[in-house]
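# just coords:
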DNA sequence: GGGGCTTTTTACAAAGTTTTTACAAGTTCG
DNA sequence: CGAACTTGTAAAAACTTTGTAAAAAGCCCC
């Protein structure tokens, strides 16, 4: 049985209490229902999930997924984030955090959450 | 592999509630009537069935069945899918799914539409 | 060399996806 | 507070992919 895309390696998975991704088949499940994501939606979620608990700068997302450099002005990232959140339903805000002025962060469900004291902003203030 | 006439090798048959394929004899039955498929129609169905429940990219189908590389622009795959679906009658859309932007997927009858990536233990895991 | 069948192309329609636009709402900081 | 800036949102426009019908081209076999 030659496999066209080897499905047998069980690696390349993300899984938490509600969400799971199979990076090989590009399959996403939310509470045991398939999430039907478009390609860009999937790319975006996958990239965020692969950096779970890390802040991913807008710049990095635009570069990795769209190939856009810093000079390009577009709102397409925001729109895609919005559609992703919609599809993540009630968990949306738990999973996808906006880091104002920087980017987004995917948090695994029930992951310990760092609540920044209101005075503390990240040390790396990004310039405009 | 078995002998040329070994009919018992389970690897050479597909069977579900409505559809069965004998890969050795290249025979297809739908609800106990023989389906008369042309060569290419059979090749296409067989390849999809052999990868049941997996997404098979257009690229892979064009490569395996037509020997076409990525540079060739053709609609013949779509046309064959259409004729296959027509011959699969009322089950067509249940059996052959279009995965937009990627390819097609054959789903066995009554199969759960998606298999959950099943890995338990850690609260969350990302495996490369 | 002409029917009968299969496969491929063509041309257009339909469906689906992505990006832009325009504005609202939220955040930061003087 | 208010200005400057960032993000959220809905809707439209632009674009891409897939579906479909019909015609053209390719085969086979007598």
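Noted; the coordinates are in hand. No experiment lies behind these values; they were computed from the predicted model shown. Numbers count the residues shown, from 1 in each chain, chains lettered A, B, ... in the order given.

# Please determine whether stretch A:74-93 lies in contact with chain B.
No - judged by C-beta under 8 Å from any C-beta of the partner chain, stretch A:74-93 and chain B are separated, with a smallest distance of 13.2 Å. (Each C-beta comes from the backbone N, C-alpha and C, glycine too.)

# again, but for stretch A:32-45
Yes - using C-beta under 8 Å from any C-beta, we find that stretch A:32-45 touches chain B at A:32, A:34, A:38, A:39.

# which residue packs closest to residue A:65, ignoring adjacent ones?
Nearest residue to residue A:65 in three dimensions, chain neighbours excluded: residue A:43, at 5.0 Å (C-beta to C-beta, 6 or more residues apart in numbering or on different chains).

# show me where chain A has helices.
A:39-50, A:58-61, A:76-87, A:92-95 (DSSP state H).

# most packed of those helices?
Of all the helices of chain A, helix A:39-50 carries the top mean neighbour count, a mean of 19, counting by mean count of other C-beta atoms under 10 Å in any protein chain shown.

# packing partners for it?
On a contact count with 3 or more C-beta pairs under 8 Å, 6 or more residues apart in numbering or on different chains; DSSP states H and E, helix A:39-50 meets strand A:19-22, helix A:58-61, helix A:76-87, strand A:103-106.

# Residue B:59: which of these is closest?
Smallest distance to residue B:59 across these (C-beta to C-beta): 19.6 Å, for strand A:19-22.

# What does the pLDDT read for residue A:110?
Residue A:110 carries a pLDDT score of 79 in this model.

# Could you tell me how far stretch A:55-73 lies from the centre of the chain?
Remark: stretch A:55-73 is offset 14 Å from the chain centroid, using C-alpha atoms, centre = their mean, to the nearest Å.

# Kindly apply the preceding question to stretch A:98-114 instead.
In terms of C-alpha atoms, centre = their mean, the centre of stretch A:98-114 is found 10 Å from the chain centre.
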